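Undergrad: Everything below, folded, please.
(one chain, ligands or ions: 1)
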Amino acid sequence: MNTQTLSPTAPHSDPALEPETGAPPVDPDADSVIEVRDLTKSYGDRSVIRNLDLCVRRGEIFGILGPNGAGKTTTVETIQGLRHADSGHVRVLDLDPVRDRQRLRSQVGSQLQSSSLPERLRVGEALRTFARLAGDVVDWREALETWGLTHLRRSAFGGLSGGEKQRLFIALALINNPQVVFLDELTQGLDPAARRETWALIRQVRDRGATVVLVSHYMDEVEQLADRAAVLHEGRITVCDTPANLVARADGDVRTRFTLPPGQQHSRLESLPGVLTVSREGTRTEVVGDRTTPVRVAAELARLGILPEDLTVVRPTLEDVFVQLTSGEVAA
Ligand SMILES: Nc1ncnc2c1ncn2[C@@H]1O[C@H](COP(=O)(O)OP(=O)(O)OP(=O)(O)O)[C@@H](O)[C@H]1O
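TA: Down below sits the predicted model:
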């Protein structure tokens, strides 16, 4: 964890990447806005990032998941030139995060983990100041309006709720109208309603044309928001894919549950392909099997003229695959 005070120059205030080490060229991907190849980073003799490769495409919400201490913050801060890499190749918008930091500064926005502002700073002052420092490419009053902060214009930062602070951080991260935005654990500590509201804002950021890199501990958040997600474990990306494809890797049976209307019977479910078990408790039936079983069960019930209104399917979730991946149960 690192705590830092937000400043418009923060992502570039400690230029640090070592000169390139002659790493092989990154795979050409016409759509990529971030390319990382063979990144390594140690703190003292402790290796934290190990030969990490990553590619983020233009216009996507890219989720980075990983257990505590996996190296997520180190990775995103190194990509922004905030931390020293020991070796590796990093490009953001085809620029070097250190050498080209002045040019990148106007194109990258960031809300870093545990960002904070002076308690007494007013919302309007914060936006106006950051907008001016970013060259007034965005009208700060419009930003107030866009991010639903107009009524809080005279409120002090210290008096804002968690959700209001995050709303302000998003507005500040976008005050330079960036092409790429880094959001690190943006919804941590928010109640469910404020989290969902923040999700809508993140989608809005993407819909306005920015690429979003989202570091999160919440599986449901990544499943809901991310176009693609990477799981970082022990300093390496173990998998990188769409949430749906990641879930498809999960080991685990699918459960199909329904209630039979009075007087109706089914008998052949056990013999359907992929079905492992069928259990009945009163009028409730649960069929356990592979991914194809829900459709087969529904088709068989429909054939019998049985249309249970409460048919539900319980599938493995991203959380299941995350636990399996980070405990070594699923091959990357
Ligand atoms: N400045 C530092 N000096 C020494 N060790 C550090 C430093 N920053 C991070 N670390 C260590 O490096 C490892 C990775 O930290 P990092 O903050 O990148 O992980 P993370 O995946 O973001 O963790 P979390 O989910 O808990 O925020 C951790 O073991 C952490 O203690």
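
Undergrad: Next, His233: phi, psi?
TA: Backbone torsions for His233, taken as degrees, to the nearest 10, come to phi -140, psi 120.

Undergrad: What's opposite it in the beta bridge?
TA: Arg236 (DSSP bridges).

Undergrad: show me what contacts Trp274?
TA: Quick fix: residue 274 reads Gly, not Trp. For Gly274, the contacting residues are 289-293, 296, by C-beta atoms under 8 Å, 6 or more residues apart in numbering. C-beta here means a position set from N, CA and C on the backbone, and glycine is covered the same way.

Undergrad: Helices - which of those land there?
TA: Among the contacts of Gly274, the ones falling in helices (DSSP state H) are 293, 296.

Undergrad: Nearest to Arg206 among the contacts of Gly274?
TA: Arg291 (29.4 Å; C-beta to C-beta).

Undergrad: Return the residues in contact with the closest one.
TA: 248, 254, 274, 315.

Undergrad: Can you list which of the residues you listed are found in helices?
TA: Per DSSP H, the contacts of Arg291 map to helices at Ala248.

Undergrad: Setting aside sequence neighbours, what's the nearest residue to His266?
TA: Leu304 (6.0 Å; C-beta to C-beta, 6 or more residues apart in numbering).

Undergrad: How many neighbouring residues does that neighbour have?
TA: The number of residues packed around Leu304, counting by other C-beta atoms under 10 Å, is 14.

Undergrad: got it, and Arg120?
TA: 10.

Undergrad: I'd say it and Gly159 touch.
TA: No - using C-beta atoms under 8 Å, Arg120 is not in contact with Gly159, being 9.3 Å away.

Undergrad: overlap in contacts of the two?
TA: In contact with both Arg120 and Gly159: no residue, using C-beta under 8 Å, 6+ apart.

Undergrad: got the residues of the stretch 51-200 of the chain near the ligand?
TA: 66, 68-74 (C-beta under 6 Å from any ligand atom).

Undergrad: Using JSON lines, please lay out these together with neighbour count.
TA: Below are those laid out as JSON lines (neighbours: other C-beta atoms under 10 Å):
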{"residue": "Gly66", "neighbour count": "25"}
{"residue": "Asn68", "neighbour count": "7"}
{"residue": "Gly69", "neighbour count": "12"}
{"residue": "Ala70", "neighbour count": "21"}
{"residue": "Gly71", "neighbour count": "24"}
{"residue": "Lys72", "neighbour count": "22"}
{"residue": "Thr73", "neighbour count": "21"}
{"residue": "Thr74", "neighbour count": "22"}
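
Undergrad: quick one: the residue in the chain sticking out farthest from the centre and Leu301, what's the gap?
TA: The C-alpha centroid of the chain is most remote from Gly263, which lies 48.2 Å away (C-alpha atoms, centre = their mean). Distance, Gly263 to Leu301, by C-beta to C-beta, to the nearest Å: 14 Å.
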